[in-house]
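*Asks:* One predicted model, sequence on top.
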Amino acid sequence: MSLGGSIKRLVIPGLITLEIFFISWYGIYLNEILDEEFTAKRWNLPSRIYSQEEALYPGFNVHQRDLKGKLDRLGYREKGEIHLPGEYKITPSYWEIYLNDFSYPSLEFKGYPLRIKLDGTGTVQEILHLGTGEPIPRAEVEPELLATLFSEDMEDRSWVRLEEVPPHLIGAVLSIEDARFYEHPGVDLIGILRASVVNLYHGEIIQGGSTLTQQLIKNVLSKWEKTFLRKLNEIFLALMLETRYSKEQILELYLNEIYLGQDGTVSISGVKEGARYYFSKEIRYLSVAESALLAGLIKAPNTYSPFQDPQKAKARRDLVLKQMYDQGKISQELYLQALAEELPVEAGGSLTGRKRTTKQAPYFVDYVIEQLKSRYPYEELKTRGYKI
């Protein structure tokens with residue numbers, strides 16, 4: 001036997017063993033990342049301190065108690081007619097208010113439309129439930145937000161379950177970000193090729209090649225330095241994540257993770273807070289056009305913000321609508337109606353109370369915080385999404 005043949009017989013098994021060891025180590029390493037960043041991860045949800053609700057009843061004076069000011073602070077919108085929660089109408093003899101839903105730790109309140117009849121001084125004479133037409137003895141307007149306790153990352157996020165997200169918002173996101181989401185295993189070679197063709201045709205980047213799963217991995221691992229190794233890790237982590245979670249679970253994580261803009265020093269994260277900030281609405285009331293605008297923001301929220309550049313925002317929204325129509329997610333009638341819808345003109349903020357970062361009633365709030373800190377770790381108060 002030659003010396004060369006002996007060396008080959010020794011080296012090749014050694015290389016194979018080394019390769020198996022490396023693949024095993026790399027798989028364990030990536031699994032640990034998934035365990036840390038997804039399985040054991042708890043997204044930071046700020047806790048919020050609220051006032052009491054405002055009770056309306058016969059004898060309540062809308063002018064003395066500045067009810068209009070309260071409704072405006074809460075983000076209600078004055079309309080000619082009320083159709084959705086968060087809207088109100090004022091006439092000399094009566095007001096109509098479509099109350100928002102709200103919840104306390106021990107109470108879930110379902111909003112409904114009401115009419116309050118007034119005398120000449122603005123004093124309530126009678127309250128009618130417009131859903132039933134029956135008089136009611138009192139009604140409650142939701143509490144105002146007094147303070148928000150943010151973690152160091154200053155992210156405002158409220159968790160939403162996938163079943164609470166309207167189908168047209170899901171359709172808008174998938175149409176512009178990952179049309180083949182339900183067909184690929186986490187990485188989409190066909191999508192990369194298609195995006196390259198579309199971008200070459202338009203002469204600009206219209207579509208990205210990254211899947212929703214890859215974007216989720218990238219967002220969660222944003223603290224990592226941008227290197228080729230990180231990109232390689234993202235690809236394998238996306239493939240592994242798809243074996244651990246269902247498509248629906250990944251989509252829910254993505255919709256709650258995405259960054260959608262900036263309100264001063266506070267980051268707007270997730271579609272639920274995005275709906276509140278841009279449209280002063282709960283997510284389930286978004287229109288097709290509003291859903292398209294929100295989906296269009298994902299690529300570059302501050303570039304396509306309707307409050308920063310309405311023309312770019314409209315062009316991006318209309319592109320999303322075109323994608324939805326071309327992919328059969330909306331009818332031609334809905335498409336044309338959505339194209340004609342106006343953009344929002346001012347930010348709303350958090351739906352129940354508009355002050356994100358400032359304290360109302362600061363001395364009272366500081367006292368409440370000190371009482372809470374004696375019962376809970378302060379870090380927990382800033383990350384667990386408590387309502388107080």
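*Replies:* Thanks, I have the structure now.

*Asks:* Might you report the residue contacts of the spatially most central residue of the chain?
*Replies:* For the chain, the residue nearest the mean C-alpha position is V271 (1.8 Å; Cα atoms, centre = their mean). Contacts were defined as Cβ atoms under 8 Å, 6 or more residues apart in numbering; by that measure V271 touches 160, 165, 169, 255-256, 258, 260, 283, 294. C-betas here are computed from N, CA, C, even on glycine.

*Asks:* Please apply the same query to R180.
*Replies:* Contacts of R180 by Cβ under 8 Å, 6+ apart are 188, 190-191, 211.

*Asks:* What's the separation between R316 and I283?
*Replies:* For R316, the distance to I283 equals 20 Å [Cβ to Cβ, to the nearest Å].

*Asks:* And for D119?
*Replies:* D119 is 39 Å from I283, by Cβ to Cβ.

*Asks:* ditto for I116
*Replies:* I116 is 28 Å from I283, by Cβ to Cβ.

*Asks:* This structure: helices as residue ranges?
*Replies:* Shown for the chain, the helices assigned by DSSP state H span residues 3-34, 67-73, 167-177, 189-202, 212-220, 228-244, 247-257, 271-279, 288-297, 310-326, 332-340, 362-373, 378-383.

*Asks:* would you turn those helices into TSV with mean pLDDT and distance to W95?
*Replies:* Formatted as TSV, those follow (pLDDT from 0 to 100; distance: least, Cβ to Cβ, whole Å):
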stretch	mean pLDDT	distance to W95
helix 3-34	59	53
helix 67-73	92	8
helix 167-177	96	32
helix 189-202	72	50
helix 212-220	88	44
helix 228-244	81	51
helix 247-257	94	36
helix 271-279	93	23
helix 288-297	96	26
helix 310-326	96	32
helix 332-340	95	30
helix 362-373	73	29
helix 378-383	74	37
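
*Asks:* okay, these in a markdown table with distance to I90 next?
*Replies:* A markdown table is the format used below for these (distance: least, Cβ to Cβ, whole Å):
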| stretch | distance to I90 |
| --- | --- |
| helix 3-34 | 54 |
| helix 67-73 | 7 |
| helix 167-177 | 31 |
| helix 189-202 | 48 |
| helix 212-220 | 43 |
| helix 228-244 | 51 |
| helix 247-257 | 36 |
| helix 271-279 | 22 |
| helix 288-297 | 25 |
| helix 310-326 | 28 |
| helix 332-340 | 27 |
| helix 362-373 | 30 |
| helix 378-383 | 39 |
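
*Asks:* Domain map for the protein?
*Replies:* 54-145, 155-340 (automatic domain parsing).

*Asks:* Pull out the buried positions in stretch 61-77.
*Replies:* 62, 67, 70-71, 73-77 (16 or more other Cβ atoms under 10 Å).

*Asks:* Render the CA-only coordinates of it in CSV, please.
*Replies:* Output of stretch 61-77 as CSV, limited to C-alpha atoms (Å, rounded to 0.1, in the frame of the first residue of the first chain):
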residue,chain,number,x,y,z
ASN,A,61,-73.4,68.9,32.2
VAL,A,62,-71.3,68.4,29.0
HIS,A,63,-69.9,72.0,29.0
GLN,A,64,-68.9,72.2,32.7
ARG,A,65,-67.2,68.8,32.5
ASP,A,66,-65.7,69.6,29.1
LEU,A,67,-66.9,66.3,27.6
LYS,A,68,-65.8,67.4,24.1
GLY,A,69,-62.3,68.0,25.3
LYS,A,70,-62.2,64.6,26.9
LEU,A,71,-63.5,62.9,23.7
ASP,A,72,-60.8,64.8,21.7
ARG,A,73,-58.0,63.8,24.1
LEU,A,74,-59.2,60.2,23.8
GLY,A,75,-58.9,60.4,20.0
TYR,A,76,-62.6,60.4,19.1
ARG,A,77,-63.4,62.0,15.8
